[in-house]
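**Student:** Need a 3D model of the sequence below.
(one chain, ligands or ions: 1)
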Amino acid sequence: MSSLEKIKFVESISSTNTYLKENYFHLENMFSICSKHQTNGKGRLGRTWNDDDDLLMSILLKDELQLEKIEEISLLICASIFKALSEKISGLKIKWPNDILLNGKKICGILLESVVSDKLECLVIGFGINVNTKKFPDDLKNKATSLLLETNHSYNIKELAEKIYSQFTFDYEDYKKGKKDYLKVCKENSCLLDKEITYLNQGVLVNAKVIDILSNGHILLESDGKQYEKSSGEITLHYSYYSNIQND
Ligand code: BTN
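**Tutor:** Numbers count the residues shown, from 1 in each chain. This next block holds a predicted model:
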């Protein structure tokens, strides 16, 4: 089976992440499913993910898995998507831990999920790219955008999916050999490095400066003269952020 035959394309599905979590046992490592529409798309923090002729894709990882590597994999897929999209589109930025922005607005969100029994059975890497969406609801229109809205072109979803899949396959092999190129990509194209951010920590808003993105996928922050590390699970970036990014 060639690598591209590992992508199953469907018009609509409940959720590509849910599909892989329910069927991982029978599917091969690196199997992927891509849909243009989801009836129950899932976002981070229990949110829903809406779509309109977009690229909704999940990739199944079943090999050499360790729970503590999930945040590295999150940066890895960010870097792969960034590189694949950058071939055609300029103005992209990576927003730690796992969003990609175009002209300061969110174009892609990533949701990693796992199936755990007595061990980590599989990792599902899901991402949604706003490709051909023409209009966003009022609560999202200042924060989210699509490739179509920003570039005035419509895009072939299958072609884009294959490009991202090939890039990730290549990058994942490098990652398994210990290469850290993904970290360089995430740092060089970060919209947060050296910026002041506000994050929510156990219900309290905290201001800090982003000093570094670390190889374990954590972020290094500084506030009140002290530096400290945070994982993506520990903090939620505050939404006012998007307006800061647009002022860059
Ligand atoms: C986010 O909230 O930013 C993450 C959104 C992730 C959405 C994608 S779309 C494909 C995959 N299947 C899902 O149900 N969710 C992810």
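**Student:** contacts, neighbours, all on C-alpha from now
**Tutor:** OK.
**Student:** tell me the pLDDT at Leu4?
**Tutor:** On pLDDT, Leu4 comes in at 57.
**Student:** Ignore what I typed, I meant Ile211.
**Tutor:** In this model, Ile211 carries a pLDDT of 96.
**Student:** repeat for Trp49
**Tutor:** Confidence score, pLDDT, at Trp49: 87.
**Student:** got the buried residues for the longest strand belonging to the chain?
**Tutor:** In the chain, assigned by DSSP state E, the strand with the most residues is strand 105-116. Residues of strand 105-116 classed as buried: Lys105, Lys106, Ile107, Cys108, Gly109, Ile110, Leu111, Leu112, Glu113, Ser114 (neighbour count, 16 or more other CA atoms under 10 Å).
**Student:** just stretch 163-180 next, same as before
**Tutor:** Lys163, Ile164, Tyr165, Gln167, Phe168, Thr169, Asp171, Tyr172, Tyr175.
**Student:** now swap in stretch 185-194 and tell me
**Tutor:** Using 16+ other CA under 10 Å as the test for burial, stretch 185-194 gives Val185, Cys186, Lys187, Asn189, Ser190, Cys191, Leu192, Leu193.
**Student:** For the ligand, tell me which of those show up nearby.
**Tutor:** Among these, no residue sits close to the ligand (CA under 6 Å from any ligand atom).
**Student:** Strands along this protein, start to end?
**Tutor:** According to DSSP E, the strands that the chain contains are 7-13, 32-38, 55-61, 92-95, 99-102, 105-116, 120-129, 196-201, 204-213, 219-223, 226-230, 236-237.
**Student:** what's the neighbour count on the nearest residue to Asn50 once chain neighbours are set aside?
**Tutor:** Excluding the flanking residues, the one nearest Asn50 by CA to CA, 6 or more residues apart in numbering is Gly41, at 6.6 Å. Counted with other CA atoms under 10 Å, residues neighbouring Gly41 total 19.
**Student:** can you pull the contacts of Gly41?
**Tutor:** Ser14, Ser15, Thr16, Thr48, Trp49, Asn50 (CA atoms under 8 Å, 6 or more residues apart in numbering).
**Student:** These: which ones sit near the ligand?
**Tutor:** Subset of the contacts of Gly41 in contact with the ligand: Ser15, Thr16, Trp49, counting by CA under 6 Å from any ligand atom.
**Student:** can you pull up the bridge partners for the residue positioned nearest the centre of the chain?
**Tutor:** In the chain, the centroid-proximal residue (CA atoms, centre = their mean) is Ile110; its distance is 2.9 Å. Applying DSSP bridges to Ile110 yields these beta-bridge partners: Phe127.
**Student:** Could you pull up the residues touching it?
**Tutor:** Gly43, Arg44, Ser74, Cys78, Asn98, Asp99, Ile125, Gly126, Phe127, Gly128.
**Student:** can you count the residues close to the closest residue to Lys163 other than its chain neighbours?
**Tutor:** Using CA to CA, 6+ apart and skipping the chain neighbours, the partner closest in space to Lys163 is Ala84 (6.1 Å). Ala84 has 19 neighbours, counted by other CA under 10 Å.
**Student:** For Ala84, list the residues it contacts.
**Tutor:** Shown in contact with Ala84 (CA under 8 Å, 6+ apart): Leu160, Lys163, Ile164, Gln167.
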